[in-house]
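K.L.:
got a sequence here, can you build the structure:
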Amino acid sequence: MDRVLITGGNGFIGSHLAEQLVDQGAQVTLFDTHFNSNTAHLSCRKIRGDVRHYSRIRQAVVGQDAVFHFAAVSRVAWGQLDPYACWKTNQLGTLNVLEACRKAKSSPVLFYASSREVYGEPKYFPVDEAHPKMPLSIYGMTKLCAERACRSYADPSLSRPIKSVIFRFSNVYGSERDLPERVIPKFMRKALQGENITLYGGEQVLDFTFIDDTIQGILRAYAASMDGGKDLLGQEFHFVTGRGVSVSDLAGMIVALTDSPAQIIHGYANNFDVRKFVGNPAKSHKLLGYKAKVTLEEGLKRLRDRTLSSDVKTVESADRTASIGA
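P.N.:
Below you'll find the predicted structure:
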């Protein structure tokens, strides 16, 4: 039975990964600053802590066979608003995890959650993992620097080099656990409530990946790496669809899907947003057998249904609370 630690384990991707690993029989530990309904149903060890505090993460890493490092300031806009917090969490936090892994006698494999933001504005399409790295945003730069920290800790001249695999995620969506400020959950919520949707630009073309497909890719990399796949260590992987869709078209799809009266309003684009990203899944397909199965159309339908179901549960919970209070 593998012992697995997930930093940011209460988050969107971390909580979905935890569910699958628990179902597979892994001994899972979640590490996060707080826990809520995302993980309340999971019967596993949960540690409240901050990756910026070395002693706390050091204790959590002890005895682990694998560490998924997903804890981060996870939105581009947040990095622009508070660059210090973004750098301290994404860079110092990653260094703390790396050093804890280096000192752990169990020599865990580290799986690091990076982002397509490390590429900046691409020079060619579809973007493969070897594409030049020129981030536009503070968030993207912190992710690139953290990737390079992972590589520096893999130096064979070190007494205990780290074995790591890097994931570069691209606009993952598909669950009510997602951050409400992110583009797809925000558009979906507004459409369902009949509120107008404001696009900051709208011409951006992005590669949207359903959460189930992302988890499939992560689990494939995890299984292969833990099963003697030494050729995967030190590699980077995309889990993408290879299809680009404009944010404007995305908003139109959501409005149509929800039969919403919402109007789409065009505003000015942010100067730190990447204009276009379409990823190449060829490497993950070749080495991991990964292939995205859920189309954007199907994924949006599933998210609509999950969002509506979540809203019903919230209302029912509120009704029960009101009855008890009465």
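K.L.:
quick one: which helix or strand includes the residue lying closest to residue 49 once chain neighbours are set aside?
P.N.:
Distances taken as C-beta to C-beta, 6 or more residues apart in numbering put residue 56 closest to residue 49, at 3.9 Å, once the chain neighbours are dropped. Bear in mind the C-beta positions are built from the backbone N, C-alpha and C, glycine included. Element membership for residue 56 (DSSP states H and E) is helix 54-61.
K.L.:
Provide the contact partners of the next helix or strand after that helix at residue level.
P.N.:
Next helix or strand after helix 54-61 toward the C-terminus (DSSP H and E): strand 66-69. Strand 66-69 has contacts (C-beta atoms under 8 Å, 6 or more residues apart in numbering) with 2-8, 14, 17, 51, 61, 94, 97, 101, 108-113, 218, 222, 225-226.
K.L.:
narrow these to just the buried residues.
P.N.:
Neighbour counting by 16 or more other C-beta atoms under 10 Å classes 2-8, 14, 17, 51, 61, 94, 97, 101, 108-113, 218, 222, 225 among those as buried.
K.L.:
those residues in helices, which ones?
P.N.:
14, 17, 61, 94, 97, 101, 218, 222, 225 (DSSP state H).
K.L.:
nearest spatial neighbour of the fourth one, chain-adjacent residues omitted?
P.N.:
So the one you mean is residue 94. residue 146 (4.0 Å).
K.L.:
what's the helix or strand for that neighbour?
P.N.:
helix 138-153.
K.L.:
pull out the buried residues from that helix.
P.N.:
Neighbour counts over helix 138-153 (16+ other C-beta under 10 Å) mark 138-147, 149-150, 153 as buried.
K.L.:
so what strands line up beside the following helix or strand past that helix?
P.N.:
Next helix or strand after helix 138-153 toward the C-terminus (DSSP H and E): strand 163-169. The pairing partners recorded for strand 163-169 under DSSP bridges are strand 109-115 (parallel), strand 236-238 (parallel).
K.L.:
now render these as TSV, adding distance to residue 272 and mean pLDDT.
P.N.:
Listed next are the strands paired with strand 163-169 as TSV, based on distance: least, C-beta to C-beta, whole Å; pLDDT from 0 to 100:
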stretch	distance to residue 272	mean pLDDT
strand 109-115	13	98
strand 236-238	22	98
